[in-house]
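Colleague: Coordinates for the following, if possible.
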Amino acid sequence: MNEGLIFKIAAVGILIAVLNQILKHSGRDEQAFLLSLAGLVLVLTWIVPYIATLFETIRDLFEL
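Modeller: From the prediction side, this is the model:
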């Protein structure tokens, strides 16, 4: 995992948190929820390949 991915995840988290607060204060709770969900899906699409590599490494390590 490289440092760039960690910084991208942090940037998305900060941006989503700020936009979420703005939407909640303007009375758009549904859009705030959907924005949070979209941020979660975005970050998960970045992380899934690393999780798959982790499971393959563990499988190879224990020779399963």
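Colleague: For the protein, which segments count as strands?
Modeller: Applying DSSP state E to the chain gives no strands.
Colleague: Count the residues that sit near residue 16.
Modeller: By other C-beta atoms under 10 Å, the residues close to residue 16 number 19. Every C-beta, even on glycine, is put in place using the N, C-alpha and C of the backbone.
Colleague: Against residue 9, how distant is the nearest residue to it once chain neighbours are set aside?
Modeller: Nearest non-adjacent residue to residue 16, counting by C-beta to C-beta, 6 or more residues apart in numbering: residue 39, 3.9 Å away. From residue 39 over to residue 9 the distance is 10 Å, taken as C-beta to C-beta, to the nearest Å.
Colleague: So between the two, which is more surrounded?
Modeller: Taking neighbours as other C-beta under 10 Å, residue 39 and residue 9 compare with residue 39 leading, 18 against 15.
Colleague: Tell me where this structure is predicted with low confidence.
Modeller: 1 (pLDDT under 70).
Colleague: ok, now which ones touch the residue lying closest to residue 13 once chain neighbours are set aside?
Modeller: Nearest non-adjacent residue to residue 13, counting by C-beta to C-beta, 6+ apart: residue 39, 7.3 Å away. Residues near residue 39 by C-beta atoms under 8 Å, 6 or more residues apart in numbering: 12-13, 15-16.
Colleague: Next, work out how far apart residue 39 and residue 51 are.
Modeller: 18 Å.
Colleague: Residue 23 too?
Modeller: 30 Å.
Colleague: For the longest helix anywhere in the chain, buried residues please.
Modeller: Taking DSSP state H as the criterion, the chain has its longest helix at helix 29-62. Residues 32, 35, 39, 43 are the ones in helix 29-62 that count as buried (16 or more other C-beta atoms under 10 Å).
Colleague: what's the closest non-adjacent residue to the last one?
Modeller: Spatially, and ignoring its direct neighbours in sequence, residue 43 is nearest to residue 9 (5.5 Å; C-beta to C-beta, 6+ apart).
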